[in-house]
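> following is a predicted model, sequence given first.
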Amino acid sequence: MSFNIENYIRDIKDFPKPGIIFKDITPLLADAYALKETTKALLKLVPADVDKVVGIEARGFFFGTLLAEHLNAGFVPIRKPGKLPYETYNETYELEYGTDSLSMHIDAIKPGERVLIHDDVLATGGTARAVAKLVEKAGGEVVMLNFLIELNFLNGSEKLKKYKISSLLSY
């Protein structure tokens, strides 16, 4: 049986605002076969020698935890400010209109640990770059940023030139 991940990605027009075509991965998550095959495909893209997998709130948690399990690595959630109960590192980044911030527990990554950052979509690159800065602030080494989907027309990889990037799909 041949697997095509694109068969499980649904386009939602005008979400979250008019003119946007949202790439919805919930059909992929709802299908056990697609979930398993996508996890296998993502694992083929990443190095095996990873100490931690960082997942970005919230869709990065889905495959981030699965990757961590298969890589025998720990999982680190990156959250919006105020969502983590312990002391945190925080990183503010630019949005199209304004700024946003992300947080990570200060003890989540030890100096020298090799870290894979995972999220569902690479769009403008601001979020991913902020997460890489959090990992580096903790002393971790970013070995790769890994995505299900890269939206090439938004040029997010331009903000991440110093890192290795992989994705299963590009639009």
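Here it is on my side, so go on. Numbering: from 1, shown residues only.

> which parts of this structure are helices?
Using DSSP state H, the helices of the chain run over 26-30, 32-45, 60-70, 126-137.

> give the other helices and strands that the second one contacts.
The one in question is helix 32-45. helix 26-30, helix 60-70, strand 141-150, strand 165-170 (3 or more C-beta pairs under 8 Å, 6 or more residues apart in numbering; DSSP states H and E). C-beta here means a position set from N, CA and C on the backbone, and glycine is covered the same way.

> want to throw these into JSON lines with distance to residue 41, mean pLDDT and mean neighbour count?
As requested, the helices and strands packed on helix 32-45 are exported to JSON lines (distance: least, C-beta to C-beta, whole Å; pLDDT from 0 to 100; neighbours: other C-beta atoms under 10 Å):
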{"stretch": "helix 26-30", "distance to residue 41": "11", "mean pLDDT": "97", "mean neighbour count": "14"}
{"stretch": "helix 60-70", "distance to residue 41": "10", "mean pLDDT": "98", "mean neighbour count": "20"}
{"stretch": "strand 141-150", "distance to residue 41": "9", "mean pLDDT": "98", "mean neighbour count": "22"}
{"stretch": "strand 165-170", "distance to residue 41": "6", "mean pLDDT": "97", "mean neighbour count": "17"}
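
> now these as JSON lines including distance to residue 20?
Converted to JSON lines, the helices and strands packed on helix 32-45 look like this (distance: least, C-beta to C-beta, whole Å):
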{"stretch": "helix 26-30", "distance to residue 20": "17"}
{"stretch": "helix 60-70", "distance to residue 20": "19"}
{"stretch": "strand 141-150", "distance to residue 20": "14"}
{"stretch": "strand 165-170", "distance to residue 20": "17"}
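
> which stretch among those comes nearest residue 112?
strand 141-150 (6.9 Å; C-beta to C-beta).

> which residues touch the closest residue to residue 92 other than its chain neighbours?
Leaving aside its chain neighbours, residue 92 sits nearest to residue 101 (4.6 Å; criterion: C-beta to C-beta, 6 or more residues apart in numbering). Contact partners of residue 101, counting by C-beta atoms under 8 Å, 6 or more residues apart in numbering, are 80-81, 90-93, 130.

> what's around residue 107, how many residues?
10 (other C-beta atoms under 10 Å).

> quick one: contacts for it?
So residue 107 contacts 86-87 (C-beta under 8 Å, 6+ apart).

> I appreciate the help and will end here.
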